[in-house]
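Peer 1: What would the 3D arrangement of this be:
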Amino acid sequence: MEDEAEVKTDNYEEKAEEPKPEEQLAEKPYIEGRLENDGIATWNILGRWYREDEVEQVHRQNKEREAKWVRAQKAIWAETPQGKLCLELYQKFCEYKKYLDEHPWARKRRDGALVDFAEHKLFEEALLVASDYHREREEKDRRNLERAQLAARCEHAYLDGDRCGAPRLKGKTLCRMHERMEEAKALKLDLGTMEDADSIQVGIMKLQRAVIDGTLDAKQIGHLAYLIQIAAWNVTRTSSGTRELTDGGDPDRAR
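Peer 2: Here you go, the predicted structure:
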């Protein structure tokens, strides 16, 4: 084959020297999950419960732990006879491909014909298989990204008119977090979601009206005032509460 298929190959030794994910994120504390849903930890990941603002870090932790386990298993396999043979074969494969790329004339025999020996034919077949594998993986990643972009989005609207935009639950109109908030609404007096500064201010105004109208007794008012204090303290520590910071506060951003 005169024009060999282009394929991505990695050098095994160079790959082993790449920085480990847990080394890059070592400064971040490890998050331990709860055994039960305590009302605050509402996300269940692998049988443990976590807060909304912990989910991203937990997914990172799990990926790091899985990667560490795979590296450990690979290190054990690399010391076995079959592992050593396979790694040696892979390294020689990469060296042969690099040599052919740097010396195009090496694809021909002394008599000028293309190299068509069985060993070289096997190498060419391996290149095609590897090329097909990378192309299929890239196509799969592209389709997954398109599906994620087309996924139905949460219809919850913030007070500033912006929408949540997170993927909504199957058969629902809201994402997991806002569905939980909807379920937690009180029947007697709903202060709202209190998920950002604007909604907390609305909650304060609702409580103020309840005080003036005499809807609640003094004990209930004290409890609700304390809950508003907690919401104001916690709003900068949740993913929804920090949206204005991450979005730069630009009301004209794409939604």
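Peer 1: switch to C-alpha atoms for all contacts and neighbour counts from now on
Peer 2: OK.
Peer 1: For the nearest residue to residue 49 once chain neighbours are set aside, the count of nearby residues, please.
Peer 2: Computed as C-alpha to C-alpha, 6 or more residues apart in numbering, the closest residue to residue 49 that is not its neighbour in sequence is residue 34, at 4.9 Å. Per other C-alpha atoms under 10 Å, the neighbour tally for residue 34 reads 15.
Peer 1: Check which helices and strands the helix or strand harbouring residue 49 sits against.
Peer 2: Assigned by DSSP states H and E, residue 49 belongs to strand 48-50. In terms of contacts (3 or more C-alpha pairs under 8 Å, 6 or more residues apart in numbering; DSSP states H and E), strand 48-50 is packed against strand 43-45.
Peer 1: Now with 6 Å, please.
Peer 2: Contact here means 3 or more C-alpha pairs under 6 Å, 6 or more residues apart in numbering; DSSP states H and E; on that basis strand 48-50 packs against no helix or strand.
Peer 1: what mean pLDDT does it have?
Peer 2: Averaging pLDDT along strand 48-50 yields 81.
Peer 1: Now the top helix by length along the chain: average pLDDT?
Peer 2: Determined from DSSP state H, the single longest helix within the chain is helix 118-150. What helix 118-150 shows for mean pLDDT is 88.
Peer 1: any weak-confidence spans in the stretch 101-250 of the chain?
Peer 2: 149-150, 159, 180-193, 236-250 (pLDDT under 70).
Peer 1: From what I see, residue 114 and residue 104 are in contact.
Peer 2: No: assessed by C-alpha atoms under 6 Å, residue 114 is found out of contact with residue 104, at 10.9 Å.
Peer 1: More neighbours: which of those two?
Peer 2: residue 114 (14 against 11).
Peer 1: list the contacts for the more buried one?
Peer 2: 107-108 (C-alpha atoms under 6 Å, 6 or more residues apart in numbering).
Peer 1: Please name the bridge partners of it.
Peer 2: residue 108 (DSSP bridges).
Peer 1: what about it, distance to residue 173?
Peer 2: Per C-alpha to C-alpha, to the nearest Å, residue 114 is found 63 Å from residue 173.
Peer 1: Which parts of the stretch 151-255 of the chain are helices?
Peer 2: Along the stretch 151-255 of the chain, the segments classed as helices by DSSP state H, counting those that start in this stretch run 176-183, 197-213, 218-234, 243-246.
Peer 1: The third one: how far from the chain's middle?
Peer 2: Looking back up the chat, that one is helix 218-234. 34 Å (C-alpha atoms, centre = their mean, to the nearest Å).
Peer 1: Stretch 172-182 too?
Peer 2: Between the centre of stretch 172-182 and the centre of its host chain there is 20 Å, according to C-alpha atoms, centre = their mean.
Peer 1: and if you look at stretch 91-111?
Peer 2: Stretch 91-111 has its C-alpha centroid displaced from the chain centroid by 40 Å (C-alpha atoms, centre = their mean).
Peer 1: Give me the contact list for that stretch.
Peer 2: 114-115.
Peer 1: ends of it, how far apart?
Peer 2: 29 Å.
Peer 1: what does stretch 148-156 give?
Peer 2: First-to-last distance for stretch 148-156 - C-alpha to C-alpha - comes to 19 Å.
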